[in-house]
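Undergrad: need a 3D model of the sequence below.
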Amino acid sequence: MRRKELTDFPFDKEVFKEVIIKARGDRSQAEFCQDTGLSYAYLNKYANGKLSDAPTIGTIKKIAVATKTVSYEELLTAAGYDAEKYKDDRPVGAARKDFFHPVFLGMANSSYDWKIESKGYKDNEPFEIIIERNEVNKWFFVPVTKANITKDEIQSIIMNQPKFTPGSKVSFVTDDAGIFETLKAIELPLISLYISVVRVLGQEIIDEVSIKTSISTEMTIVNEDKVRPLEIGEG
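TA: Numbers count the residues shown, from 1 in each chain. Got it, this is the predicted structure:
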């Protein structure tokens, strides 16, 4: 009999189904099962929303190591576990819930000439990129995880960051669909910055939408006309 673990939150098989499909990516179900080391019959039931019991932490770890599209934290959350409780038990090789990594991949797959100016993380610094030969010469990426964030809070972030000079672009990055919808509805017509909201999922950029300001640009995080192949391994 399969071991059952007590989750921190109710297990939603439909939510977990979507995450499993995302984790599989372009692989066949058979290939995905082989990569995880889990049986086809077992994993297929989750992929079809047929199991009402959450997978064990051990199963989550196997899936996390076999995918770079979905992070360990996303798998835990989708299965009903409190990701914060298990963050120190991350399996080696599992993708992290890191908003900056998909941004880096998006830039690497673009045709822009660019370089990293600041990696962020310290003292609430944004992730800063220098762009060459474009109307935008500095591009900042600010992670947003707060639910129900307001227009006033976004304005406060913009006004209190001295690096955000006129003509720079600021992109607010989130993996939450609700936050994404809230942010993209904001308008800041008096601000002389290019502003957008970017939604990521795992290691991928899902969408970018411009927020109305006094200036506009066609520059996006991914230039789909000129995509260069890139493979990044863990060092």
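
Undergrad: so G37 sits against K62, correct?
TA: Yes: look at G37 against K62 with C-beta atoms under 8 Å: they come within range, at 5.5 Å. Yep, even glycine has a C-beta here, placed from its N, CA and C like the rest.

Undergrad: so between those two, which is more surrounded?
TA: K62 (17 against 12; other C-beta atoms under 10 Å).

Undergrad: now do the closest residue to the more buried one other than its chain neighbours against T67, distance only.
TA: In space, and not counting its chain neighbours, K62 is closest to T36: 4.8 Å by C-beta to C-beta, 6 or more residues apart in numbering. According to C-beta to C-beta, to the nearest Å, T36 and T67 sit 8 Å apart.

Undergrad: ok, the two, which is more surrounded?
TA: Set side by side, T36 and T67 show more neighbours around T67, with 25 against 20, by other C-beta under 10 Å.

Undergrad: just want the most central residue of the chain.
TA: For the chain, the residue nearest the mean C-alpha position is V200 (3.3 Å; C-alpha atoms, centre = their mean).

Undergrad: direction included, what does the helix or strand that contains it pair against?
TA: Element membership for V200 (DSSP states H and E) is strand 194-201. Within its sheet, strand 194-201 is paired with strand 169-174 (parallel), strand 204-211 (antiparallel), according to DSSP bridges.

Undergrad: break down the chain into its strands, ranges please.
TA: Along the chain, the stretches classed as strands by DSSP state E are 113-118, 127-132, 138-143, 169-174, 194-201, 204-211.

Undergrad: and these as TSV, adding mean pLDDT?
TA: Output for these, formatted as TSV (pLDDT from 0 to 100):
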stretch	mean pLDDT
strand 113-118	86
strand 127-132	87
strand 138-143	92
strand 169-174	94
strand 194-201	91
strand 204-211	90
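
Undergrad: of all these, which one comes closest to D12?
TA: strand 194-201 (17.1 Å; C-beta to C-beta).

Undergrad: alpha carbons of that closest one, as CSV, please.
TA: Output of strand 194-201 as CSV, limited to C-alpha atoms (Å, rounded to 0.1, in the frame of the first residue of the first chain):
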residue,chain,number,x,y,z
TYR,A,194,9.0,52.2,-19.2
ILE,A,195,7.2,49.8,-16.9
SER,A,196,5.9,46.3,-17.4
VAL,A,197,4.7,43.2,-15.5
VAL,A,198,6.2,39.8,-16.3
ARG,A,199,4.7,36.5,-15.4
VAL,A,200,7.1,33.5,-14.9
LEU,A,201,6.4,29.9,-14.3
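
Undergrad: A95 contacts T67, doesn't it?
TA: Yes: in this structure, A95 is within contact of T67 by C-beta under 8 Å, at 6.7 Å.

Undergrad: just the buried residues of the biggest helix by length in the chain, please?
TA: With secondary structure taken from DSSP state H, the chain has its longest helix at helix 13-24. Of the residues in helix 13-24, K13, F16, K17, V19, I20, I21, K22, A23, R24 count as buried by neighbour count, 16 or more other C-beta atoms under 10 Å.

Undergrad: so for the residues you listed, which is the shakiest by pLDDT?
TA: The pLDDT minimum for the buried residues of helix 13-24 sits at K22, where the score is 88.

Undergrad: make sure that one is actually in contact with V70.
TA: Yes: counting by C-beta under 8 Å, K22 does reach V70; the two are 5.3 Å apart.
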